[in-house]
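S.K.: sequence and computational prediction follow.
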Amino acid sequence: MIHTFKDRLPSCVQKVLLRGDGEFMSWASVEAALDEGYDFIFANKQCEPSFDPAAWYPLLMQEGIEFNSCLYKPFGWEQACRFVAMRIPKKSDKKQTQLELFEDNQFVYRIFCTNLNGKAHEVIKIYDKRADAENLIGEAKQEGLDAIPSGKFKNNYAFFQIAMLPYNLWRYFLKSWPICGRVRKARL
């Protein structure tokens, strides 16, 4: 599937970033992205890379959350790839009196496979923009944009530009004018 993207992209596209969830990640997906020269970030649910315990680093803004990266070759893959991770402390119950036996039981992990350079937290921040796009697409569909009028990219591009103009103006008014937000909330 990834090999067919280039045929469907307009000629003005110079860089492609693939962001996929854990069901999408496999050696076939990674190999295809590498073959086509695409950047990628795929969520990981299939393997457990070994991260250096001394390499975890925090950010000042996010208390308790730490980041790490490593090169790891999952079983059956032809080459090692970069994995980045975010570990988040689990919320502890006040009633809990027994300590966790292993450190891993104290954290929830988010792990991604990528070919992007940069610090682990920067790569994860790029991946997290995927969720914002999905929310906006969902809102646009609710406003009636789920009907794609044509099989041609340029026709659809023009249609969505025209249709999104009033939608974006409406969103702007809701954020910019406090009275619009109050009126909308009052009707709900």
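M.R.: Arrived safely. Numbering: from 1, shown residues only.

S.K.: dig out what Arg82 forms beta bridges with.
M.R.: As for beta bridges, Arg82 partners with Leu71, Thr114 under DSSP bridges.

S.K.: unless I'm mixing things up, it is touching Thr114, no?
M.R.: Yes. Using CB atoms under 8 Å, Arg82 is in contact with Thr114, at 5.5 Å. All C-beta atoms are positioned from the backbone trio N, CA, C, and that covers glycine.

S.K.: out of those two, which sits in the more crowded spot?
M.R.: Neighbour tally, Arg82 and Thr114, criterion other CB atoms under 10 Å: the higher count belongs to Thr114, 26 against 17.

S.K.: residues contacting the residue positioned nearest the centre of the chain?
M.R.: Geometric centre of the chain, nearest residue: Tyr127, 2.9 Å, by CA atoms, centre = their mean. Applying CB atoms under 8 Å, 6 or more residues apart in numbering to Tyr127 gives the contacts 19, 41, 43, 112, 114.

S.K.: for the second one, which residues make a bridge with it?
M.R.: Beta-bridge pairing of Ile41, defined through DSSP bridges, involves Arg19, Thr114.

S.K.: can you tell me the closest non-neighbouring residue to the residue nearest to the centre of the chain?
M.R.: Nearest residue to Tyr127 in three dimensions, chain neighbours excluded: Ile41, at 4.4 Å (CB to CB, 6 or more residues apart in numbering).

S.K.: neighbours of that neighbour, how many?
M.R.: 23.

S.K.: check it and give its pLDDT.
M.R.: According to the prediction, Ile41 has pLDDT 94.

S.K.: ok, it - contacts?
M.R.: Contacts for Ile41 (CB under 8 Å, 6+ apart) come out as 17-20, 112-114, 116, 123, 126-127.
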